[in-house]
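> Sequence plus predicted model, see below.
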Number of protein chains: 2
Amino acid sequence: MKKVAIGQAGGPTAVFNTSLIGFLDHCHAEVYGVLKGYQGLVEGSFIPLEGSMLKKVEQYRSVPGACLGAGRYPMTEEALEKAVNNLRLKGIDTLVFIGGNGTMWTMHQLEKKAKKIGYDLQVIGIPKTVDNDLAETDHAPGFASAARYVALSVRDISKDLEAMRNFEQVRIIETMGRNVGWLAAASGLLKASESDGPHKIYLPEETLSADQFLNDVKNLVAEFGFASIVVSEGVKLNEGKAVEKAFVNGRSVLGGISKQLSSFVQEELGLMARDELLGMNQRSSQFASSGQDRLEAYEVGKKAAHLISEDISGVMVTIERLQKSYYDYQFGTALLQKVAAGGERSLPKLFRVNQQAFYRWLEPLVGRDVEPFPSMIQRREIHEKKSFRS
Amino acid sequence: MKKVAIGQAGGPTAVFNTSLIGFLDHCHAEVYGVLKGYQGLVEGSFIPLEGSMLKKVEQYRSVPGACLGAGRYPMTEEALEKAVNNLRLKGIDTLVFIGGNGTMWTMHQLEKKAKKIGYDLQVIGIPKTVDNDLAETDHAPGFASAARYVALSVRDISKDLEAMRNFEQVRIIETMGRNVGWLAAASGLLKASESDGPHKIYLPEETLSADQFLNDVKNLVAEFGFASIVVSEGVKLNEGKAVEKAFVNGRSVLGGISKQLSSFVQEELGLMARDELLGMNQRSSQFASSGQDRLEAYEVGKKAAHLISEDISGVMVTIERLQKSYYDYQFGTALLQKVAAGGERSLPKLFRVNQQAFYRWLEPLVGRDVEPFPSMIQRREIHEKKSFRS
């Protein structure tokens, strides 16, 4: 019987563990869990996933986070070597990791390292990302749940702001997404009319000038009495560098553009503005997760298990969309090398210039059970007239 | 037929509009909506809630925010006089407002002002608050949905942190609540064991010393590898003043203690810490709202409608809990004067020293359909042993 090790790496998602369970339910081998992501590989922290430990892990089917531990760990040449040696010492034939861009790159490096020292190691990647920046797949599990959270939050927060507009006119809502705009763009999914928030969505794919921003806000407040603005954490103002909150453990943490923009509004336009970070719930809220996302997370895990018996190596499981008119899909594979070389996948121009095309693509992933709220333009118009007359 | 005006004031909740609909469904009178809260009273912005406008408003049954507009507006003596005059000009017999502490105080002032000038005005308050700081009622609509959001978020964010603890050890999660700890305390409702977050909850009712805080964090990280800390926005560090983010329109906006505490952890303990503001979703997320809260929000609106025909004035609708062993309740009334005099209701000492008593009180309001996640102490222990040996 094969010896298989599976781990989780990078930032968690709401459905990270679901992929793990999908894999475990269909893997007929001796399976070890790698603890704390790459760190466990380098330190040789493997636990047998059997008996009571397997039962414990199985309870995590719908729990956010990563029950094996994930996190970040610098994979130097030395670390890669240690990892391969630990796998060899343990007699592990197959390494499976659930992760994003960094993970697929690391898996590819481990594959090369193993080949170099003549160790026959099967390597398989299972996609996971909230940013949706993985190449070679239509989308990856984790994104749809995050998108659902963002769409629901912005829908609700915009209604709150609309009610408060005699006190507070502008909210700058910041989403995750690193250098790509998929998640920020998702914020408009549940918008029903021009007067509803979000009124503007700023993406990292497009440079934002300070003048354009101030003009947008001024016009929106004049027209609707309030401005609900969404900005991706990776947005660059004035063609400058994205605001970097901190540079921790060698990894830059984006964030802070919303604070910069809201201060700007207060100073330049004299309007009451607040910055709102959607925060960790974007990647962890089980209570807002998408059923379709959970299903697909499970299926990519299952697909990886099947690839083991087919002796396929050096690939990441992919989701391939088959139809444009309705949602149909199948699971496939892409070479780790190609995924790694693909880099961060931006929101394509097609979707940036045609929001409706993007929302048609997104809706089946997020779930058709969420709806826009009614809009009250007419009431607002009556209201404004009343205020001026009185 | 009576002429009735109804308005909404203060910060919105997820069920603010539900109370309005509960009222409209049961009020057999000529009803006007007051736009933008007190501002509409002062400026005489009333719209007839009938025909197509009533139909529009009715669509807002489950929509967060305030469909009539709410917000903040300074109620000076002059403003109070204008308000009463506008009501008299319009021939309005009854004024109903849905709001919190400030609203009940304002309603009481309007009642006195009307009496003084000999205008016979019936005044009724409908309770609404996410902070749960209204006196004379067991709790008020809006709180339970906010509490549900906080409990779910902290449960989920803690699992995310646990997975990331080799990269990030501490999260300081800040809740709303102004000067009372009800909402922050709710964050522990779904905690299953000592190792689960939240590990500590700091309330405004209790002074927090910098030393105690650092010690808590140090001990938690030593024991569990991570520390999930909840802090109410009203918490004072070192017996000083609560951190004030801004002082806007004459109203102090609390917030910022989490940032202060996380910087403190990084500087003093050298651990990676992040501050996390739960933000506006606390008061606006329809997608995490409590069914029981929505039901009660509707019922307090209905009760207010019934009070109109009973010719009762100068009262706020209350929720009275009848049993301690199971959840049973009825609706009553309290004098506006007493509610206003009661000030901000703190989390009682009974609940502060006995968390389980508080959670027994809270659970039926938040809903028994939300559950704690399984905890993984055993895995963690195995893990730590593995790491040290390897």
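Alright, I've got the coordinates.

> Could you use CA atoms for every contact and neighbour count after this?
Will do.

> The closest residue to residue A:81 other than its chain neighbours and residue A:119, how far apart?
With CA to CA, 6 or more residues apart in numbering or on different chains as the criterion, residue A:81 has its nearest non-adjacent residue at 7.0 Å, and that residue is residue A:113. Look at residue A:113 and residue A:119: by CA to CA, to the nearest Å, they are 9 Å apart.

> higher neighbour count, those two?
The residue with more neighbours, out of residue A:113 and residue A:119 and counting by other CA atoms under 10 Å in any protein chain shown, is residue A:113; that gives 19 against 16.

> Kindly confirm my reading that the more buried one forms part of a helix.
Yes: under DSSP: H, G, I helix; E, B strand; the rest coil, residue A:113 falls within a helix.

> Contacts only, for it.
Residue A:113 is in contact with A:80-81, A:84, counting by CA atoms under 8 Å, 6 or more residues apart in numbering or on different chains.

> cool, residue A:166 as well?
Taking CA under 8 Å, 6+ apart as the contact definition, residue A:166 lies against B:36, B:70-73.

> and which of those residues is nearest to chain A?
Top of the list for closeness to chain A, among the contacts of residue A:166 and by CA to the nearest CA, is residue B:71 at 4.2 Å.

> Next one: the closest residue to that closest one other than its chain neighbours relative to residue A:150, how far apart?
Once flanking residues are discounted, residue B:71 sits nearest to residue A:164: 4.2 Å by CA to CA, 6+ apart. Distance, residue A:164 to residue A:150, by CA to CA: 21 Å.

> Those two: who's more crowded?
Neighbours were tallied for residue A:164 and for residue A:150 using other CA under 10 Å; the higher tally belongs to residue A:150 (30 against 26).

> Contact partners for that one?
Contacts here follow CA under 8 Å, 6+ apart; on that basis residue A:150 touches A:175, A:183-184, A:186-187, A:278, A:282.

> Mind checking which of the residues you listed land in strands?
Judged by DSSP state E, these include residue A:175 as members of strands.

> Near chain B, list only the ones from the contacts of residue A:150.
Checking those against chain B by CA under 8 Å from any CA of the partner chain, the ones in range are residue A:278.

> List only those of the contacts of residue A:150 flagged as buried.
In these, burial by neighbour count holds for A:175, A:183-184, A:186-187, A:278, A:282, counting by 16 or more other CA atoms under 10 Å in any protein chain shown.

> Helices - which of the residues you listed land there?
A:183-184, A:282 (DSSP state H).

> is it fair to say residue A:340 lies in a helix?
Yes: using three-state DSSP, the secondary structure at residue A:340 is a helix.

> Let's verify the nearest residue to it once chain neighbours are set aside: helix, strand, or coil?
Closest residue in space to residue A:340, ignoring its immediate chain neighbours: residue A:105 at 4.9 Å, by CA to CA, 6+ apart. Under the three-state scheme (three-state DSSP), the conformation of residue A:105 reads as helix.

> show me what contacts residue A:105?
Residue A:105 sits next to A:336-337, A:339-340 when contact means CA under 8 Å, 6+ apart.

> Residue A:215 is in what secondary structure piece?
When elements are defined using DSSP states H and E, residue A:215 is found to belong to helix A:210-224.

> That helix packs against which elements?
Using 3 or more CA pairs under 8 Å, 6 or more residues apart in numbering or on different chains; DSSP states H and E as the contact definition, the elements that helix A:210-224 packs against are strand A:227-232, helix A:257-269.

> Surely residue A:128 is in contact with residue A:102?
No: under the contact definition of CA atoms under 8 Å, residue A:128 does not touch residue A:102, with a separation of 10.7 Å.

> Output the below-cut-off pLDDT ranges for the stretch 251-390 of chain A.
Using pLDDT under 70 as the threshold, the predicted model of the stretch 251-390 of chain A has low-confidence ranges A:251-255, A:377-390.

> 80 instead?
Low-confidence regions of the stretch 251-390 of chain A, defined here as pLDDT under 80, cover residues A:251-255, A:323-325, A:376-390.

> Do a quick rundown of the helices in it.
The residue ranges that make up the helices of the stretch 251-390 of chain A, judged by DSSP state H, counting those that start in this stretch, are A:257-269, A:281-284, A:291-309, A:336-342, A:349-353, A:355-366, A:377-389.

> Leaving out the residues flanking it, which one is nearest to the residue minimising distance to the centre of chain A?
The C-alpha lying nearest the average C-alpha coordinate of chain A belongs to residue A:130 (CA atoms, centre = their mean; 0.9 Å). Sequence neighbours aside, residue A:143 is the residue nearest to residue A:130 in space, at 4.0 Å (criterion: CA to CA, 6+ apart).

> That neighbour: what's it in contact with?
By CA under 8 Å, 6+ apart, the contact list for residue A:143 reads A:128-132, A:183, A:293.

> Tell me how far it lies from residue B:60.
When distances are taken as CA to CA, residue A:143 and residue B:60 turn out to be 30 Å apart.

> same question, residue A:150
With distances taken as CA to CA, residue A:150 is found 21 Å from residue B:60.

> Stretch A:299-310: which residues count as buried?
If you call a residue buried by 16+ other CA under 10 Å, then stretch A:299-310 has these buried ones: A:299-308.

> Over to stretch A:162-176?
Judged by neighbour count (16+ other CA under 10 Å), stretch A:162-176 contains these buried residues: A:162-176.

> Do a quick rundown of the helices in the stretch 1-150 of chain A.
Assigned helices in the stretch 1-150 of chain A, in chain order: A:16-26, A:38-43, A:51-58, A:77-90, A:101-116, A:143-163 (criterion: DSSP H, counting those that start in this stretch).

> how about a markdown table for those, with distance to residue B:11 added?
A markdown table is the format used below for these (distance: least, CA to CA, whole Å):
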| stretch | distance to residue B:11 |
| --- | --- |
| helix A:16-26 | 36 |
| helix A:38-43 | 46 |
| helix A:51-58 | 42 |
| helix A:77-90 | 53 |
| helix A:101-116 | 42 |
| helix A:143-163 | 8 |
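
> With mean pLDDT and distance to residue A:213 as new columns, can these be given to me in TSV?
Rendered in TSV, the data for the helices of the stretch 1-150 of chain A read as follows (pLDDT from 0 to 100; distance: least, CA to CA, whole Å):
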stretch	mean pLDDT	distance to residue A:213
helix A:16-26	98	36
helix A:38-43	97	41
helix A:51-58	94	48
helix A:77-90	97	44
helix A:101-116	97	31
helix A:143-163	98	18
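
> Burial-wise, tell me which of those helices comes out on top.
Per-stretch averages of neighbours, counted by mean count of other CA atoms under 10 Å in any protein chain shown, single out helix A:143-163 among these, with a mean of 29.

> Dump the C-alpha coordinates for it into PDB.
Presented in PDB, the C-alpha positions along helix A:143-163 are these (Å, rounded to 0.1, in the frame of the first residue of the first chain):
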ATOM      1  CA  PHE A 143     -13.000  32.000  -3.600                       C
ATOM      2  CA  ALA A 144     -16.800  31.600  -4.000                       C
ATOM      3  CA  SER A 145     -17.400  31.600  -0.200                       C
ATOM      4  CA  ALA A 146     -15.300  34.700   0.200                       C
ATOM      5  CA  ALA A 147     -17.100  36.300  -2.700                       C
ATOM      6  CA  ARG A 148     -20.400  35.500  -1.100                       C
ATOM      7  CA  TYR A 149     -19.300  37.100   2.100                       C
ATOM      8  CA  VAL A 150     -18.100  40.200   0.300                       C
ATOM      9  CA  ALA A 151     -21.300  40.500  -1.800                       C
ATOM     10  CA  LEU A 152     -23.600  40.100   1.200                       C
ATOM     11  CA  SER A 153     -21.600  42.400   3.400                       C
ATOM     12  CA  VAL A 154     -21.400  45.200   0.900                       C
ATOM     13  CA  ARG A 155     -25.200  44.900   0.100                       C
ATOM     14  CA  ASP A 156     -26.000  45.200   3.800                       C
ATOM     15  CA  ILE A 157     -23.400  47.800   4.800                       C
ATOM     16  CA  SER A 158     -24.600  50.000   1.900                       C
ATOM     17  CA  LYS A 159     -28.200  49.900   3.200                       C
ATOM     18  CA  ASP A 160     -26.900  50.900   6.600                       C
ATOM     19  CA  LEU A 161     -24.900  53.800   5.200                       C
ATOM     20  CA  GLU A 162     -28.000  55.000   3.100                       C
ATOM     21  CA  ALA A 163     -29.900  55.200   6.400                       C
END
